[in-house]
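In: build the 3D model from these lines:
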Amino acid sequence: MPTLKECICCCEIRNAFDIIEQGTNCIVESPFFINQCLNEDKVYFNLRLAKNMTRRPSDDDYLRYLRMMAYRTFTIWTHKFLGKRNRRPVPACVVKAIRTVCPDFFSLYRGFIPLDDYAAADMAFDLE
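Out: So this is what the prediction gives:
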């Protein structure tokens, strides 16, 4: 992972640690994770529900949208409801598993993008 904030293990996240099943070492071995975050049909179905899509995205965008929805599914599963403007980095093991199933053809990935502490409208006043 390119940044220190992204280099976390699922065992370091308390909410994820609580749902790791006994006998496994990592959350990516969980049947729920495999079924909900790595199953292309289920991820695409969730994507269509969340984004209210009426048609499949272009091939260039399809896998990117699937990755986004798989990360979101994982986040909702582990952290429940975070609220607006509250982001959490996804563990490196989860990112690797999702990128393996939904790769970018050019290996161009965004990574974790934290939000600023204040709204964009407030930034305009900082320039004066």
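In: mind listing what Thr78 touches?
Out: Thr78 sits next to Ile13, Asn15, Ala16, Ile19, Ile27 when contact means C-beta atoms under 8 Å, 6 or more residues apart in numbering. From N, CA and C alone the C-beta is placed, and that goes for glycine too.
In: what residue is smack in the middle of the protein?
Out: Tyr71 (1.8 Å; C-alpha atoms, centre = their mean).
In: from Gly23, how far out is that residue?
Out: 26 Å (C-beta to C-beta, to the nearest Å).
In: follow-up on the earlier one: could you find the closest non-adjacent residue to the residue nearest to the centre of the chain?
Out: Val90 (5.2 Å; C-beta to C-beta, 6 or more residues apart in numbering).
In: and Val101, by the same measure?
Out: In space, Val101 is closest to Leu38, 5.0 Å off (C-beta to C-beta, 6+ apart).
In: state the pLDDT value of that neighbour.
Out: At Leu38 the predicted local confidence, pLDDT, stands at 95.
In: tell me who's in contact with it.
Out: So Leu38 contacts Ala70, Ala97, Ile98, Val101 (C-beta under 8 Å, 6+ apart).
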